[in-house]
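Student: build me a structure from this.
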Amino acid sequence: MLFDIRTIVGALLGSYGVILIITGLVSHTAADEAKTGGINVNLWAGIGMGVVALLFIAWVVLRPIAVPEKAPAAELPDEPSEVP
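Tutor: Residues are numbered from 1 along each chain as shown. Just a heads-up that it's a prediction; the model follows:
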């Protein structure tokens, strides 16, 4: 479950989302707001990434990959059969 691609994508999106949320809360200036039409883009993008990351992690938890068990090796005869 640790090396499932959904876990990796969820962790990356979550970490980038947290960084963007912090950036949006800490360094949002009036100049940034004027560029984006009054929207705190970093904050909203971070929230969106966080939601998608939570969906990926929930997907991993709710639908884990079922690894098939190894099939037993075929029984080999002790003596080779004779070919006429």
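Student: looking at this protein, which helix or strand does the model trust least?
Tutor: Across the helices and strands of the chain, mean pLDDT, DSSP states H and E gives its lowest value to helix 30-35, namely a mean of 89.
Student: just give me how far that one sits from the chain centre.
Tutor: Here helix 30-35 is found 32 Å from its chain centre; the criterion is Cα atoms, centre = their mean, to the nearest Å.
Student: mind showing which ranges of this structure have poor pLDDT?
Tutor: 1-2, 71-84 (pLDDT under 70).
Student: ok, 90 please
Tutor: For the chain, the stretches flagged by pLDDT under 90 are 1-4, 28-30, 32-33, 63-84.
Student: could you pull out the helices for it?
Tutor: Counting by DSSP state H, the chain has helices at residues 5-26, 30-35, 41-62.
Student: any chance of JSON lines for those, columns mean neighbour count and distance to Glu69?
Tutor: Quick note: C-beta positions are derived from backbone N, CA and C, even for glycine. Shown next, in JSON lines, are these (neighbours: other Cβ atoms under 10 Å; distance: least, Cβ to Cβ, whole Å):
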{"stretch": "helix 5-26", "mean neighbour count": "15", "distance to Glu69": "22"}
{"stretch": "helix 30-35", "mean neighbour count": "10", "distance to Glu69": "55"}
{"stretch": "helix 41-62", "mean neighbour count": "16", "distance to Glu69": "21"}
